[in-house]
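# return atomic coordinates for the entry below.
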Amino acid sequence: MHTARYQWVDALRGLAMVWMTVFHLCFDLANAGLLQANFYQDPRWTLQRTCILSLFLLCAGAGQAIALAQAQSWNRFGKRWLQIAGCALLVSAGSYLMFPRSFIYFGVLHGMAVMLLITRFVGPRGPWLWLVGGALIALQWLAPWAINAGWWDSALNDKPLNCLGLISTKPITEDYVPLVPWLGVMLWGMAAMQWVLTRHGAHALHQADIPALRPLAFLGRWSLSYYMLHQPVMLGALWLWTQA
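This is a model prediction of the structure:
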């Protein structure tokens with residue numbers, strides 16, 4: 001089975017990880033009182049979070065399109081899915097110890113675990129992914145209006161239904177990545193990669209090795225491991241620095 005990797009796709013994922021690291025470092029500094037910043041309301045930070053998450057999920061969708069094109073087995077998919085789901089549980093446990101009142105119960109890894117299952121099934125739908133993805137993204141603006149108008153039940157704001165994202169009030173949690181609108185972003189990433197593969201073929205993704213992209217591509221290939229380790233390492237280093 002052909003399972004070639006594509007450097008520029010891995011590099012884009014690696015870029016998202018680097019950006020995320022800088023963002024989280026600033027968050028940790030603010031949480032320690034060493035930086036004045038409002039990560040919950042200031043557009044300079046909320047917009048960055050949206051861009052980082054969008055880039056990461058677009059790459060995830062593109063990766064699933066490549067996996068389907070390479071006839072990835074359910075066994076291999078399942079192993080990766082279990083890794084992501086297991087890490088999501090660890091994130092919930094760790095965040096509960098640090099933020100018991102706002103722990104992460106449906107963050108990026110939780111959302112990824114659900115969205116990957118969905119994209120695995122809907123992947124062959126081709127052009128329909130653009131329409132479905134767009135509808136899911138649009139629902140983030142329709143849902144508050146529908147709930148406030150009494151058309152939809154306000155219980156959608158409560159756990160566990162708010163994991164759908166059909167809310168009028170954002171929950172209090174340190175990371176929140178619901179299906180609306182983020183599944184739409186992942187579907188667009190899948191649709192875009194399927195278009196590239198259909199129109200230009202897999203050879204369009206091959207290119208000569210670019211040395212400058214190697215570090216980012218390496219990071220992108222190990223994104224889950226890096227995601228799980230970067231915050232404990234930074235928090236530990238920050239604690240040692242403040243104790244010096």
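
# the closest residue to residue 166 other than its chain neighbours and residue 91, how far apart?
Take residue 166 and drop its neighbours on the chain: the residue closest to it by C-beta to C-beta, 6 or more residues apart in numbering is residue 143, 4.3 Å away. C-betas here are computed from N, CA, C, even on glycine. Distance of residue 143 to residue 91, computed by C-beta to C-beta, to the nearest Å: 25 Å.

# so the residue nearest to residue 166 is in which element?
Per DSSP states H and E, residue 143 falls inside helix 128-148.

# what's in contact with that helix?
Here helix 128-148 makes contact (C-beta atoms under 8 Å, 6 or more residues apart in numbering) with 122-123, 125, 152-154, 156-157, 165-168, 179-181, 183-188, 190-191, 194.

# just the buried ones from those residues?
Buried residues within the contacts of helix 128-148, counting neighbours by 16 or more other C-beta atoms under 10 Å: 122-123, 125, 152, 156-157, 165-167, 179-181, 183-188, 190-191, 194.

# sorry, back to before: inside helices: which ones of the contacts of helix 128-148?
Among these, the residues falling in helices (DSSP state H) are 122, 179-181, 183-188, 190-191, 194.

# could you identify the most distant pair in those?
Greatest spatial distance in the ones in helices among the contacts of helix 128-148: 180 and 194, 21.9 Å, computed using C-beta to C-beta.

# on that earlier part again, buried set for the helix holding residue 143?
Result for helix 128-148 [16+ other C-beta under 10 Å]: buried residues 129-130, 132-133, 136-137, 139-140, 143-144, 147.

# low pLDDT regions in the protein?
Scanning the chain for pLDDT under 70 picks out the ranges 1-4, 201-208.

# in PDB, list the C-alpha atoms belonging to stretch 44-60.
The C-alpha atoms that make up stretch 44-60 are tabulated as PDB, following Å, rounded to 0.1, in the frame of the first residue of the first chain:
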ATOM      1  CA  ARG A  44      -5.800  40.100  18.900                       C
ATOM      2  CA  TRP A  45      -5.800  36.700  20.700                       C
ATOM      3  CA  THR A  46      -9.200  35.300  19.800                       C
ATOM      4  CA  LEU A  47      -8.500  35.800  16.100                       C
ATOM      5  CA  GLN A  48      -5.100  34.100  16.400                       C
ATOM      6  CA  ARG A  49      -6.700  31.100  18.000                       C
ATOM      7  CA  THR A  50      -9.300  30.900  15.200                       C
ATOM      8  CA  CYS A  51      -6.500  31.000  12.600                       C
ATOM      9  CA  ILE A  52      -4.300  28.400  14.300                       C
ATOM     10  CA  LEU A  53      -7.200  26.000  14.800                       C
ATOM     11  CA  SER A  54      -8.400  26.600  11.200                       C
ATOM     12  CA  LEU A  55      -5.000  25.800   9.800                       C
ATOM     13  CA  PHE A  56      -4.700  22.700  11.900                       C
ATOM     14  CA  LEU A  57      -8.100  21.400  11.000                       C
ATOM     15  CA  LEU A  58      -7.700  22.200   7.300                       C
ATOM     16  CA  CYS A  59      -4.500  20.100   7.400                       C
ATOM     17  CA  ALA A  60      -6.300  17.300   9.200                       C
END
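
# sounds good, over and out.
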